[in-house]
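Visitor: when you get a sec, could you give me coordinates for this:
(one chain, ligands or ions: 2)
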Amino acid sequence: MGSITPHQRKHKVTVVGSGNWGCAIAKIVAENAASYPDLFEEKVEMWVFEENVEIGKDSPHYNPSNTGPQKLTDVINTYHENVKYLQGVQLPPNLHANPSLEESVKDSTILIFNLPHQFILRTCESIKGKILPYARGISCIKGVDVDENGAHLFSETIGRVLGIYCGALSGANIANEVAREKWSETTIAYAPPSPGLQSPLDAGVSFAFPDKLGRALPSEYPPVDHTVLKTLFHRPYFHVRVVNDVAGVSISGALKNIVAIAAGWVEGMGWGDNAKAAVMRVGLLEMSRFGDKFFGATIDQRTFTEESAGVADLITSCSGGRNFRCAKYSIERNQSIEEVEKTELNGQSLQGTLTAVEVNNFLKKQGMEEDFPLFTAVYRIMTGSMKVADIPAYIER
Ligand SMILES: NC(=O)C1=CN([C@@H]2O[C@H](COP(=O)(O)OP(=O)(O)OC[C@H]3O[C@@H](n4cnc5c(N)ncnc54)[C@H](O)[C@@H]3O)[C@@H](O)[C@H]2O)C=CC1
Ligand SMILES: O=C(CO)COP(=O)(O)O
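Guide: Numbers count the residues shown, from 1 in each chain. Ligands and ions are numbered 1, 2, ... in the order given. Below is the predicted model of the structure:
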């Protein structure tokens, strides 16, 4: 870490989102905020989409004289546990659950976005103009912002709406394992537009982002660079590599969810490990092809094969992720994945189903469905015009 002068201000960190992964990441950054008091304010804010929860009899926090619904933020701040989305994991006491989005992001210099991707645009629009103009973002979202007209990274979408620079974090990171401090790796991608890692923003120069002006981080703050980000996210059980390839890291995280659905179906059909490996091989090729075709100039193809965000995330997601599990159960129980999602996930959100539809709409518009046979097959099976049994022949063409 660079040298810290006594006059430097500390970074205030906010996690926007408090689901399964939102809370696991908030736990990590709150632990590091407490460990590095020269760099970060100790108190970390976490925005919680407020809801009422009931504490069940099997919880150590069960109180027979208070069995009614309670606000999730009160429960988190009292017991330091998100009893709905990350049951059984103790959150650090310096993590503050805040039901007010606006209050939680106020004066924060580092904003970590960690929500199911369908909620991010609305969330960002409601804090537009209400954050520090020189804040920096990290998107932990696994989704791609595609519509019929174009494909954008969520880090770009967040940056465009809020007028800030935003990087990305993604890896082989099943939240329940990370939260229980089982060792894993992750990849952070961060490359503000400048020659070198220290952006002109940090040197006091305004810099044009795609649509908006980002503002310089005042010099009394430590610059937000690879070292500071590694300090914020790296734990003994969560090993961080920081790279520059925001597009590769983001695209891998989004598209592997479509592949995980196919892998779940294959498992549900009882086709065995060879079949699952075949689906993963084709899936990885299509992920890399998608990156090349639509983000070619900016993507580093090595991310797909060398980083946790690439092949490693694909493997873990196709072994035990929620998309994989729900797809597998959908075959075993003869239900739609959406039905399984409702009964199995207790309010958590699958990203693969929505991403498969969004990516297909985009590919159709480009006339490229045939170039991505696995992604296309997943969409067609979900919408009933193809069967899982058709996958082997279709992806071979
Ligand atoms: N859970 C995991 O193992 C991992 C998830 N991710 C990614 O992280 C992102 C966030 O996922 P999770 O934290 O797991 O979320 P989740 O799947 O636990 O989703 C539930 C969250 O969505 C919130 N929510 C519901 N309705 C909302 C609304 N209208 N507006 C705003 N928030 C609302 C809930 O309050 C809750 O916090 C996703 O893109 C996911 O793919 C990445 C790595 C691991
Ligand atoms: O992204 C994940 C693991 O890295 C989790 O994937 P699921 O959303 O399918 O559980």
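
Visitor: OK, contacts around the one residue in the chain that gets nearest to ligand 2?
Guide: Closest residue of the chain to ligand 2, C-beta to the nearest ligand atom: residue 321 (2.9 Å). For every residue, glycine as well, the C-beta is placed using N, CA and C. Counting by C-beta atoms under 8 Å, 6 or more residues apart in numbering, residue 321 touches 174, 257, 260.

Visitor: how does it look with 10 Å?
Guide: Contact analysis of residue 321 by C-beta atoms under 10 Å, 6 or more residues apart in numbering lists 142, 172-175, 256-257, 260-261, 263-264, 313-314, 327, 350-352.

Visitor: which regions of the stretch 1-150 of the chain sit below the pLDDT cut-off?
Guide: Within the stretch 1-150 of the chain, the ranges that satisfy pLDDT under 70 run 1-7.

Visitor: which residue ranges of it form strands?
Guide: Applying DSSP state E, counting those that start in this stretch to the stretch 1-150 of the chain gives strands spanning 13-16, 44-47, 52-53, 70-71, 95-98, 110-113, 136-139, 144-147, 150-153.

Visitor: which other helices and strands contact the third one?
Guide: With contacts defined as 3 or more C-beta pairs under 10 Å, 6 or more residues apart in numbering; DSSP states H and E, the secondary structure elements packing on strand 52-53 are strand 70-71, helix 72-79.

Visitor: redo the ones you listed as CSV? Include distance to residue 236 and mean neighbour count.
Guide: CSV is the format used below for the helices and strands packed on strand 52-53 (distance: least, C-beta to C-beta, whole Å; neighbours: other C-beta atoms under 10 Å):
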stretch, distance to residue 236, mean neighbour count
strand 70-71, 33, 16
helix 72-79, 24, 18
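
Visitor: need these in CSV (columns: distance to residue 123).
Guide: Shown next, in CSV, are the helices and strands packed on strand 52-53 (distance: least, C-beta to C-beta, whole Å):
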stretch, distance to residue 123
strand 70-71, 19
helix 72-79, 16
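
Visitor: please identify the helix or strand for the nearest residue to residue 137 once chain neighbours are set aside.
Guide: Residue nearest to residue 137 in three dimensions, not counting chain neighbours: residue 166, with 3.3 Å by C-beta to C-beta, 6 or more residues apart in numbering. Following DSSP states H and E, one finds residue 166 within strand 165-170.

Visitor: re earlier: out of the helices and strands packed on strand 52-53, flag the one nearest residue 104.
Guide: For those, the distance to residue 104 is smallest for helix 72-79, at 10.3 Å, taking C-beta to C-beta.

Visitor: can I get the closest one in PDB? Just the C-alpha atoms.
Guide: Extracted C-alpha coordinates of helix 72-79, given in PDB (Å, rounded to 0.1, in the frame of the first residue of the first chain):
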ATOM      1  CA  LEU A  72     -34.800  -6.700   8.200                       C
ATOM      2  CA  THR A  73     -32.500  -3.700   8.900                       C
ATOM      3  CA  ASP A  74     -33.400  -3.800  12.700                       C
ATOM      4  CA  VAL A  75     -32.700  -7.500  12.700                       C
ATOM      5  CA  ILE A  76     -29.300  -7.000  11.000                       C
ATOM      6  CA  ASN A  77     -28.300  -4.100  13.200                       C
ATOM      7  CA  THR A  78     -29.300  -6.000  16.400                       C
ATOM      8  CA  TYR A  79     -28.100  -9.500  15.700                       C
END
